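>>> 3D, please:
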Amino acid sequence: MISNQILQSTIDGLKSITRKELSVVEKEGKVIATTEENMIGRQIDAVENFISSPAESQLILGYQYFKIYDNGVPEYVIQVKGEDESGYQIGKIAAFQIQSLLVAYKERYDKDNFIKNLLLDNLLLVDIYSRAKKLHIENNVHRIVYLIETNIDKEMNVVEIVRSIFPAKTKDFVTAVDEHSIILVKELREKETADEIDRIAKTIEETLNAETNSRVYISSGTIVSDLKDVSRSYKEAKMALEVGKIFETDKYIVNYEKLGIGRLIYQLPLPLCRMFIKEVLHGLTMDDFDDETLATVNKFFENNLNVSETSRQLYIHRNTLVYRLDKLQKMTGLDLRNFDDAIIFKITLMVSKYMIYMDKMAY
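Purely as a prediction, here's the structure:
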């Protein structure tokens, strides 16, 4: 349950204070963490006999051994070099320290397991509240779910990096869904603003970019005030991540509440989308429009259908822009200088993006 790196860090810290050589040994006798270079990976046969004996500690060939329990069953053995009284005291302290780590990590594991099942809707309503009470997790507080997607090497513990961003927030939960997806269930103050929610996402992004030198995507759901609704916020964050990849390709942080019309289009069935495209474009597809035309249209939309500003930003004459818009009108029957036609073509572009994305996902 506790990683070997944590065990190694613990005994390294104890050695720096006590100047005693220590090792952590599995109950089968293999050394998994040590301050003695020649001990790592060694098999200590005497440990198995010690584990099966009723003794709490034992002196064997110049080393003192102490048991560490998990639910009353020996899980590890601490080995301390030396036969003196100080070695005995240090061994007891080391055993107590790792025993405490076991309890803390087990509690966190139980909470992580609960949160995972909660997010995936694997719990009955009555189980949610009863288990939350046992784990000392409050029900009626404001929470929001952040979904973090990375392509970071699995050897790097991204979960621990995210946890380190909120070290004092013991009521926040960070757990891994798979190799590339991490979930943060963040507790919020009652008056937390939308700007603060975006700031938290930005903090996560900047920290992970700096620590891992890799790009991450972050999405967030809506704020919920009941534990049973956390799974809804998670589903919203998942949708936000997908919608962002389709319609907000230049953004790495996406908020569910700011998805706009993209959220609506994402939920349309593909046959309906194909019918819409066929009716609007009269048999044409987006491949029939050259890159220059599409770039002009997008810039025209960015400038709220302002011909003068669009031509200025594209470094073209106003008449050139009008010519391109007229050309598009001849192809589609839509005059983008007309607000209603502009809306129809904007939706057409978004629906086409959605269809292309879904076709790629199908393969």
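>>> tell me the buried residues in stretch 217-235?
217-224, 227, 229-234 (16 or more other CB atoms under 10 Å). Yep, even glycine has a C-beta here, placed from its N, CA and C like the rest.
>>> excluding sequence neighbours, find me the nearest residue to Val185.
Among residues not flanking Val185 along the chain, Phe173 sits closest, at 4.3 Å (CB to CB, 6 or more residues apart in numbering).
>>> okay, now the one you found: neighbour count?
24 (other CB atoms under 10 Å).
>>> for it, give me its contacts.
111-112, 115, 183-185 (CB atoms under 8 Å, 6 or more residues apart in numbering).
>>> and the gap between the residue lying farthest from the centre of the chain and Ser308?
Going by CA atoms, centre = their mean, the residue of the chain most distant from its centre is Asn319, 49.5 Å out. Per CB to CB, to the nearest Å, Asn319 is found 12 Å from Ser308.
>>> what does Asp226 give?
Taken as CB to CB, the span from Asp226 to Ser308 is 52 Å.
>>> same check, this time on Cys273
In terms of CB to CB, Cys273 sits 34 Å off from Ser308.
>>> and the two? which has more neighbours close in?
Cys273 (18 against 10).
>>> quick one: that one and Val351 touch, right?
Yes. Proximity of Cys273 to Val351 meets the contact threshold set by CB atoms under 8 Å, at 5.0 Å.
>>> one step back: got phi/psi on the residue nearest to Val185?
Phi and psi for Phe173, reported as degrees, to the nearest 10, are phi -120, psi 130.
>>> pLDDT score for it?
Here, the pLDDT recorded for Phe173 equals 90.
>>> quick check: it vs Asp112, distance?
Distance from Phe173 to Asp112, by CB to CB: 7 Å.
>>> and stretch 276-284, how far from the chain's centre?
39 Å (CA atoms, centre = their mean, to the nearest Å).
>>> meant to ask about stretch 294-307, not that
So, by CA atoms, centre = their mean, the centroid of stretch 294-307 is 36 Å from its chain's centroid.
>>> show me the longest helix that occurs in the chain.
helix 85-119 (DSSP state H).
>>> list the buried residues in that helix.
Quick answer for helix 85-119 (16+ other CB under 10 Å): 87-88, 90-95, 97-99, 101-102, 105, 108, 111-112, 114-115, 118-119.
>>> ranges for the strands of the protein?
22-26, 31-34, 57-60, 63-70, 73-81, 142-149, 173-176, 181-188, 217-220, 253-255 (DSSP state E).
>>> show me the contacts for the spatially most central residue of the chain.
By CA atoms, centre = their mean, the chain has its centre lying nearest to Ile182, at 2.2 Å. Ile182 makes contacts with 147-150, 158-159, 162, 174-176, as judged by CB under 8 Å, 6+ apart.
>>> for Ser214, what are its contacts?
150-152, 208.
>>> export the residues you listed as TSV, with columns for distance to Ile40, neighbour count and pLDDT.
Listed next are these as TSV, based on distance: CB to CB, whole Å; neighbours: other CB atoms under 10 Å; pLDDT from 0 to 100:
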residue	distance to Ile40	neighbour count	pLDDT
Thr150	31	21	87
Asn151	32	11	80
Ile152	27	20	71
Leu208	31	23	89
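>>> tell me which of those fall in helices.
Leu208.
>>> and the contacts of Ser214, which two are the farthest apart?
The span of the contacts of Ser214, defined through CB to CB, is set by Asn151 and Leu208 at 11.2 Å.
>>> just give me the neighbour total for Ser9.
Ser9, neighbours per other CB under 10 Å, totals 12.
>>> check contacts around it.
Residues near Ser9 by CB under 8 Å, 6+ apart: none.
>>> and the gap between it and Ser16?
The value you get for Ser9 to Ser16, if CB to CB is used, is 11 Å.
>>> re the thing from before, okay, now the residue lying closest to the residue nearest to the centre of the chain once chain neighbours are set aside: neighbour count?
Among residues not flanking Ile182 along the chain, Ile148 sits closest, at 4.3 Å (CB to CB, 6+ apart). For Ile148, the neighbour count with other CB under 10 Å is 25.
>>> correct me, but Ile148 touches Ile200?
No. The pair Ile148 / Ile200 is not scored as a contact, 11.4 Å apart, by CB under 8 Å.
>>> compute the first-to-last residue distance for stretch 220-232.
11 Å (CA to CA, to the nearest Å).
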